[in-house]
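Visitor: Take this sequence and fold it.
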Amino acid sequence: MVMLLGALIIHGLTSGPLLLAQHPNLFWGVVASMYVRNAMLLLQNLPLIGMWVQLLKIPYSDLFPVIILFCLVGSYSINNSTTDVVIMLICGIIGYLMKRLSLEAAPFYGRITTLLFRTKPCTAWCTGRSAPGPEPGP
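Guide: The predicted structure follows:
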């Protein structure tokens with residue numbers, strides 16, 4: 001959904017209830033594409049049900065190291081930085097501790113996001129204009 005919102009902003013459209021009134025063809029095209037996507041996923045995954053069942057039979061002790069390996073490789077490959085791996089490990093440890101202590105994650109995420117936007121509000125969004133976001137299309 002974030003990608004869809006970004007595409008709307010790039011083309012100079014604002015999301016919200018007026019999108020349906022001002023651009024009904026675009027809105028219903030997006031809805032239709034979501035139905036097509038779901039049908040394609042269904043057709044793709046029906047033959048793979050047996051494989052998913054076999055995957056569930058793998059013991060957790062064998063599957064866990066593979067998952068951790070994929071997480072490490074993925075976090076390193078984004079920027080080729082070990083700092084990203086350390087951040088991923090710290091977040092994983094915090095998530096594990098929060099689960100063990102039965103703490104809700106939403107207030108934690110809200111607090112972190114609030115701190116990031118208060119300290120560096122334009123790091124990710126501002127492009128030198130008064131409004132955040134990418135330049136609208138022609």
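
Visitor: For this protein, which helix or strand comes out least confident on mean pLDDT?
Guide: The least trusted helix or strand in the chain, going by mean pLDDT, DSSP states H and E, turns out to be helix 106-119, with a mean of 76.

Visitor: quick one: residue 104 from residue 118, how far?
Guide: To residue 118, residue 104 is 22 Å away according to C-beta to C-beta, to the nearest Å. No exception for glycine: its C-beta is placed from N, CA and C like everyone else's.

Visitor: Let me see the domain layout of this protein.
Guide: Per the record, the chain has its domains at 1-57, 58-121, by automatic domain parsing.

Visitor: Let me know the helix or strand that residue 102 is in.
Guide: Assigned by DSSP states H and E, residue 102 belongs to no helix or strand.

Visitor: scratch that, residue 72
Guide: Residue-wise, residue 72 maps onto helix 60-79 under DSSP H and E.
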